[in-house]
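Enquirer: give me a 3D structure for the following:
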Amino acid sequence: MELDGFASGSGGAASSAATVPPPSYEEAVPLRSLENTAESSSDRSYVLMFRDFFPACLQRGGFLKEIIYERFNVVMDRANEWLRINPSVEVKSCESLEKKADQNSQVDPNESTRYESGKAPQYMVRGLRLWFCPRRSPGGPDQLGYINCVPACLRKGGWLHYPEFETMGVTLANLNRFLRERPIPGHIVTVETQDIKVYGNWSAKGVDPDQSCWYESGKAHKLFLFIVRIFYVIGQPHYEQIDMADFVPEVLGKGGMFSEPTAEPFSAVVAKAHNWIQGHNVRVSNVQTVDVKIRRESFSGPLVIDAQKSSYTEYGKANTYFIRILRVILLQSGVSIPPTPPLTLTYRTFVPCQLTTGGALIMAQYEDQKQTMFRIMAWLRTTGAVVFGAETFEIKLWYYDRFAANIERTIYYESGKAADYFVTAIRVYINGSYREPSAELLPSVPEIRNDDCCLIL
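Expert: Below is the predicted model:
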């Protein structure tokens, strides 16, 4: 296990790069209109909102010239500056967010769709999505820190074998021993599992958790390593220890030469997590879906799902299958915390509204992230649901499904040859039950326009 040093405000070393002045608070909260997404800071009718912070491109790539972006610690500095001038907001959770850079090395976090060619290279950029709500208690402004925990490399990779890393369980045990000696200077808001591309000789030396940009080629194998990233609000230490409980979808069919593997829907996985939480006296920090690679021992053998494995390889010229598990993060605190009832875990998934049908030669169009968040806010105000947390994730789309998003699907594959299409959705986790409101009480859904030049029979 390798750890970054503790933060003094942002979780990383100071950078000499100039920071862009933070946007005003009005830019962060949506208006009651789909054309604009800013609401007066005096309006506290919203329950949940996010603000994205992405690194600036310092050097565009070119012939024999490497593309360079600001590092993740600079992104955190910018988020903390925004929090300093907005003391009336409270951090709900944090998540690392990945977006594809365009041909001009620019990133638009508001886009909801992504096209991935099976052959062309692409650059991915990692930023921060900060989830916040109106401040519920005196204090502020919140300031964030973070820690990167990298699993130790047990054996370096070579020409004939991949490297070996310690398991997530071992990494977590080592992390807790470290935190007992050096407690976090504050309280944890989010513990996430984040996959990082491994470079160089496929060893721990090739892992840079604060690197905010990486290159992916559709033709080559790619090695990724899961790290643990802890976000915390700086303050008095809570002497917290971390545990994880994984809930894996049951495989219903292993698939074959002409069929894909299938698994139970995401709702069944959440139900299992809910029942487990109700039966244990635990404090849940956050929940996260993690995509775990599926492998076979042989062509006709059973599917193997190892949620404790820290690394995986994505094939360059073949399909790589993944299963979406639910990881529940548990905290034990060394300070007295008022007892609360067990978390009653439910959820609601919000997919951007589809605007066009798309076709064989063109991807369907969807509403952007701000428009989706506008709908989420309206839904939360109408239902009165108690928000526990939120996460952003991608859903793979297929042309033969008319690019419709299957929000309950837990198995998908990434193609090493053909094009892949994705839409970015938002899942809101709820504490308690809710009743779905009548459509008349929510923003209207646009009619889907047909822009398909080919008929699907």
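Enquirer: let me see the ranges of the helices in the stretch 351-457 of the chain.
Expert: Under the criterion DSSP state H, counting those that start in this stretch, the stretch 351-457 of the chain contains helices at 369-383.
Enquirer: isn't residue 157 right up against residue 163?
Expert: Yes: between residue 157 and residue 163 there is a contact at 3.8 Å, judged by C-beta atoms under 8 Å. Just so you know, the C-beta spots here come from the backbone N, C-alpha and C atoms, and that holds for glycine as well.
Enquirer: what does stretch 288-299 contact?
Expert: The contact list for stretch 288-299, computed with C-beta atoms under 8 Å, 6 or more residues apart in numbering, reads 95, 192-193, 226, 246, 248, 261, 266, 302-307, 309, 312-314, 320-327, 329, 391, 393, 411, 427.
Enquirer: okay, strands next: where are they in the stretch 351-457 of the chain?
Expert: 387-397, 411-414, 420-431 (DSSP state E, counting those that start in this stretch).
Enquirer: show me the shaky parts of the chain.
Expert: For the chain, the stretches flagged by pLDDT under 70 are 4-44, 118-119, 200-205, 218-219, 298-299, 416-417, 453-457.
Enquirer: quick one, helices of it?
Expert: Under the criterion DSSP state H, the chain carries helices at the ranges 72-84, 168-181, 266-278, 369-383.
Enquirer: what helices and strands are in contact with the second one?
Expert: The reference is to helix 168-181. strand 222-234, strand 241-247 (3 or more C-beta pairs under 8 Å, 6 or more residues apart in numbering; DSSP states H and E).
Enquirer: swap the cut-off to 10 Å and go again
Expert: For helix 168-181, the elements it packs on are strand 2-3, strand 144-150, strand 186-197, strand 222-234, strand 241-247, judged by 3 or more C-beta pairs under 10 Å, 6 or more residues apart in numbering; DSSP states H and E.
Enquirer: could those strands be laid out in CSV, adding mean neighbour count and distance to residue 67?
Expert: As requested, the helices and strands packed on helix 168-181 are arranged in CSV below (neighbours: other C-beta atoms under 10 Å; distance: least, C-beta to C-beta, whole Å):
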stretch, mean neighbour count, distance to residue 67
strand 2-3, 16, 26
strand 144-150, 23, 22
strand 186-197, 21, 14
strand 222-234, 22, 17
strand 241-247, 18, 34
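Enquirer: only C-alpha atoms, please: export stretch 355-375 in PDB.
Expert: This file holds the C-alpha atoms of stretch 355-375, laid out as PDB (Å, rounded to 0.1, in the frame of the first residue of the first chain):
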ATOM      1  CA  LEU A 355     -34.200  13.900 -27.900                       C
ATOM      2  CA  THR A 356     -33.700  12.000 -31.200                       C
ATOM      3  CA  THR A 357     -33.900   8.400 -32.200                       C
ATOM      4  CA  GLY A 358     -30.400   8.200 -33.700                       C
ATOM      5  CA  GLY A 359     -29.600   5.700 -36.400                       C
ATOM      6  CA  ALA A 360     -27.100   3.400 -37.900                       C
ATOM      7  CA  LEU A 361     -24.800   6.300 -38.800                       C
ATOM      8  CA  ILE A 362     -25.600   8.700 -36.000                       C
ATOM      9  CA  MET A 363     -25.900   8.500 -32.200                       C
ATOM     10  CA  ALA A 364     -29.100   9.600 -30.500                       C
ATOM     11  CA  GLN A 365     -29.100  13.000 -28.800                       C
ATOM     12  CA  TYR A 366     -29.900  13.400 -25.100                       C
ATOM     13  CA  GLU A 367     -30.500  16.300 -22.700                       C
ATOM     14  CA  ASP A 368     -27.400  17.600 -21.000                       C
ATOM     15  CA  GLN A 369     -26.400  17.100 -17.300                       C
ATOM     16  CA  LYS A 370     -27.800  20.500 -16.200                       C
ATOM     17  CA  GLN A 371     -31.200  19.800 -17.700                       C
ATOM     18  CA  THR A 372     -31.100  16.400 -16.000                       C
ATOM     19  CA  MET A 373     -30.300  18.000 -12.700                       C
ATOM     20  CA  PHE A 374     -33.200  20.400 -13.200                       C
ATOM     21  CA  ARG A 375     -35.500  17.300 -13.400                       C
END
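Enquirer: can you list the buried residues in it?
Expert: Residues 355-359, 363-375 are the ones in stretch 355-375 that count as buried (16 or more other C-beta atoms under 10 Å).
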